[in-house]
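> dropping a prediction and its sequence here:
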Amino acid sequence: MYYFLEEDFKDLNEKIIETINILEKIGKEMGESTTQSSETWHDNFGFEEAKRQYTIFHERLNELTDIRNRAKIVSADLLGNAVAIGKVVVLKDENTGKVETYKIGSYMIFKRLHGYVSYSAPLAKIILGAKAGEAKEGEIGGKKKIFKILTVI
């Protein structure tokens, strides 16, 4: 099961449509490349490259469709006071003293916004379920990290 906030689920559907459009374009390019060369299709670089691209995007479409089929739309638990999907958390990195604010997002996030992190990211995995005042530790990029949860909104 993959959990998505409604806005991220809409982005997932848009990404699927975008991928379908790319596949259609590549399919047309493959067809055109076979008519523009007197060589056979297997000696045609344009055709071979389009075929490789088609395979890549087709696999991506299958992956995205599988995720969508196994997705569950959730809403932020506005009443709870623990770090969860949809919550905004202010935390302090105890190693550096740096204070950062993050919003815990869906399994996949398509819009790169500062401070918006997937619940499947290493940082989120460490702090999920924590409440204000708690310290959580884990490993990110091979380094031991300790985060103190200052606020959960």
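Arrived safely. Everything numeric here is computed off the predicted structure, so don't read it as measured data. Numbers count the residues shown, from 1 in each chain.
> can you count the residues close to Asp77?
For Asp77, the neighbour count with other Cβ atoms under 10 Å is 12. The C-beta positions use only the backbone N, C-alpha and C, and glycine is treated the same way.
> what kind of secondary structure is it in?
Classification of Asp77 using DSSP: H, G, I helix; E, B strand; the rest coil returns coil.
> residues touching it, list them.
For Asp77, the contacting residues are Ala84, Ile85, Gly86, Lys87, by Cβ atoms under 8 Å, 6 or more residues apart in numbering.
> tell me which of the residues you listed fall in strands.
Of those, none are assigned to strands by DSSP state E.
> just these now: which is nearest Ala50?
Ile85 (39.1 Å; Cβ to Cβ).
> tally of neighbours for the closest one?
Neighbour count of Ile85, defined by other Cβ under 10 Å: 21.
> same deal with Leu64?
For Leu64, the neighbour count with other Cβ under 10 Å is 18.
> once you drop chain neighbours, what's closest to it?
Distances taken as Cβ to Cβ, 6 or more residues apart in numbering put Ile16 closest to Leu64, at 5.0 Å, once the chain neighbours are dropped.
> so that neighbour makes contact with Leu61?
Yes: at 6.8 Å, Ile16 counts as touching Leu61 under the criterion of Cβ atoms under 8 Å.
> which other helices and strands does the single longest strand found in the chain contact?
The longest strand of the chain (DSSP E) is strand 143-152. Contacts defined by 3 or more Cβ pairs under 8 Å, 6 or more residues apart in numbering; DSSP states H and E place strand 143-152 against strand 88-93, helix 122-127, strand 135-140.
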